[in-house]
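Q: From the sequence below, what's the structure:
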Amino acid sequence: MFASTRPPLSRRTFLRGVGVGLALPLLDVMAPAVARAAEAPETPRRMFGICNNLGLLPQHFFPEKAGRDYAAPAYLELLKAHKSEFTVFSGVSHPDVDGGHPADNCFLTAAPHPSSGGFRNSISLDQYVAERIGHKTRFASLTLGVNVSPGMRSLSWTGAGVLIPCESSAAAVFRRMFVRGTPAEVEAQVRKLDGGRSILDAVGGQAADLKKDLPAGDRDRLDQYFTSVRDMERRLAVAKEWERKPKPKPPGPAPTDAADPREYMDRVRLMYDMARLAFETDSTRCVTLMLDSVNSPVIDLPETKLTEAYHNLSHHGKSPAKLAQLKAIDEAHMRLLADLFAGLRTAKEGGRPLLDRTMVLYGSNLGNASTHVTTNLPVLLAGGGFKHAGHLAFDRERNYPLPNLFVSMLQRLGLSADKFASSTGTFRGLELAG
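A: Below is the predicted model:
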């Protein structure tokens, strides 16, 4: 296929020059020449971000020794079958992300001071990725949650700092991925998308008329608005195309949601299954999962009788009874995580384990839920094509910036990024595999 070498026309420049050209379709001359050439098959890479907002008991999570030959503490012992496939970090945190529980909304944004007056969140890691590669899959991203307080908590935030609500039903996620509507329903959905796009066009045109009479600061804000409108316009166009494409064949019957929030671990397991299926079918390459333990009641565990709600247990006051119950909860989390790793390892893509191409980030916004400390966060990264280094230990008094890990993850996804939030570079000690 012939590919022009002429530099592509900037759509942003075109909008500035014409003012009311926002609604025009993306023209061929606006696309990079390389994008119009025949593209070589790519190797998809993916990310799954998980936050348990009540953390883990640190004494059972962090190894004492750095490097690959550490003696596994109780929680990591439950992940021993995957020891070569993940790296555990100590002495890491998000600079200036404080405020205790509100910090969970910043786990993938690293926006500072979430409990301060007038706080506005910033774009989350998954949405940064979705903006750049989300068009390659049916869903730009999936935002999931377990026992999430609706409208209050999420790991996914737009570039404008708007919360993306969590989907809490595994059955609904399954239907979105695998169940196609009737032809009439599909066309009705396409008409809705067309209607949404026309509304954006009209609003965009009105905003353009205002721009010429505004001061410089307001014009900058309006430019940001134009950018968000263009992004939404692009997403609507992509969604319209996907509506008419067949969905993958379901691997089995739809899951049955755990009806009671006390069935917390069943809900977690189902969401892990949905994330794995989404990656196996290449339905999306970005999934987040907020485990809202703060909003969870007295949960059911098969072998341990719990006496208080999850949040109340986290304020244990060093009570042996509460600590024993928390340890049982944490160990249940680790067993589910081990099952997730095993499932991603068993699933194959191009003859390689899916885990090799899927970064699983597991951690918490709290280093110690009992005291609401937001430093020394319990974090591990599995899979994804890294040379896993065992235990990377940093200064527990002057923490190493966790956003550096996000830069390394972006680069592993093939994105040209050298900065995210408060990062200072890529993550030290974590190397890419071949």
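
Q: roughly how far apart are the closest residue to T256 other than its chain neighbours and A382?
A: Distances taken as Cβ to Cβ, 6 or more residues apart in numbering place A171 nearest to T256, at 6.8 Å, with adjacent residues excluded. No exception for glycine: its C-beta is placed from N, CA and C like everyone else's. A171 sits at a distance of 27 Å from A382 (criterion: Cβ to Cβ, to the nearest Å).

Q: same check, this time on E303
A: Separation of E303 from A382 (Cβ to Cβ): 26 Å.

Q: who has more neighbours, those two?
A: A382 (24 against 7; other Cβ atoms under 10 Å).

Q: which residues touch the strand or helix carrying that one?
A: A382 belongs to strand 379-383 when assigned by DSSP states H and E. With contact meaning Cβ atoms under 8 Å, 6 or more residues apart in numbering, strand 379-383 is reached by 82, 85-89, 92, 341, 344, 355-364, 388, 402, 405, 409, 430.

Q: Look at the most centrally placed residue in the chain and report its pLDDT.
A: When Cα atoms, centre = their mean is applied to the chain, the residue found nearest the centroid is T288 (3.5 Å). Looking at T288, its pLDDT stands at 98.

Q: Could you look up the SS state of it?
A: Classification of T288 using DSSP: H, G, I helix; E, B strand; the rest coil returns strand.

Q: so what's it bridging to?
A: G49, T143 (DSSP bridges).

Q: Tell me which residues touch it, please.
A: Contacts for T288 (Cβ under 8 Å, 6+ apart) come out as 48-51, 108, 124, 126, 141-144, 154-156.

Q: any idea how far A130 is from it?
A: T288 sits 10 Å away from A130, taking Cβ to Cβ as the criterion.

Q: which residues sit in contact with K318?
A: With Cβ under 8 Å, 6+ apart, K318 has no contacts at all.

Q: doesn't it fall inside a helix?
A: No - assessed with three-state DSSP, K318 is coil; it does not lie in a helix.

Q: Now do the SS call for N105.
A: Quick answer, by three-state DSSP: N105 is helix.

Q: And for V294, nearest residue in space, chain neighbours not counted?
A: H311 (5.1 Å).

Q: Ramachandran angles for the one you found?
A: phi -60, psi -40 (degrees, to the nearest 10).

Q: how close does it sit to Q127?
A: For H311, the distance to Q127 - Cβ to Cβ - is 28 Å.

Q: Check N376 too.
A: With Cβ to Cβ as the criterion, N376 and Q127 are 27 Å apart.

Q: more crowded one of those two?
A: A count of neighbours by other Cβ under 10 Å puts Q127 above the other of N376 and Q127, at 25 against 22.

Q: right, and the more buried one touches G159 too?
A: Yes - using Cβ atoms under 8 Å, Q127 is in contact with G159, at 6.9 Å.

Q: list the contacts for H333?
A: N52, L56, M265, V268.

Q: Number of residues surrounding the residue nearest to the third one when sequence neighbours are not counted?
A: Once flanking residues are discounted, M265 sits nearest to A332: 5.3 Å by Cβ to Cβ, 6+ apart. A332 has 20 neighbours, counted by other Cβ under 10 Å.

Q: wait, is A332 part of a strand?
A: No - A332: not assigned to a strand; according to three-state DSSP it is helix.

Q: hang on, isn't it packed against L291?
A: No - judged on Cβ under 8 Å, A332 makes no contact with L291 at a distance of 11.6 Å.

Q: R46 and Y362: what is the separation?
A: Distance from R46 to Y362, by Cβ to Cβ: 15 Å.

Q: on that earlier part again, can you read off the pLDDT for the residue nearest to M265?
A: 98.

Q: The residue nearest to V294 - how many residues pack around it?
A: H311 has 17 neighbours, counted by other Cβ under 10 Å.

Q: Model confidence score at it, please.
A: H311 is given a pLDDT of 95.

Q: ok, now which ones touch it?
A: Taking Cβ under 8 Å, 6+ apart as the test, what H311 contacts is L54, S293, V294, N295, S296.

Q: Tabulate those residues (CSV), appending pLDDT.
A: Converted to CSV, these look like this (pLDDT from 0 to 100):
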residue, pLDDT
L54, 96
S293, 96
V294, 95
N295, 94
S296, 96
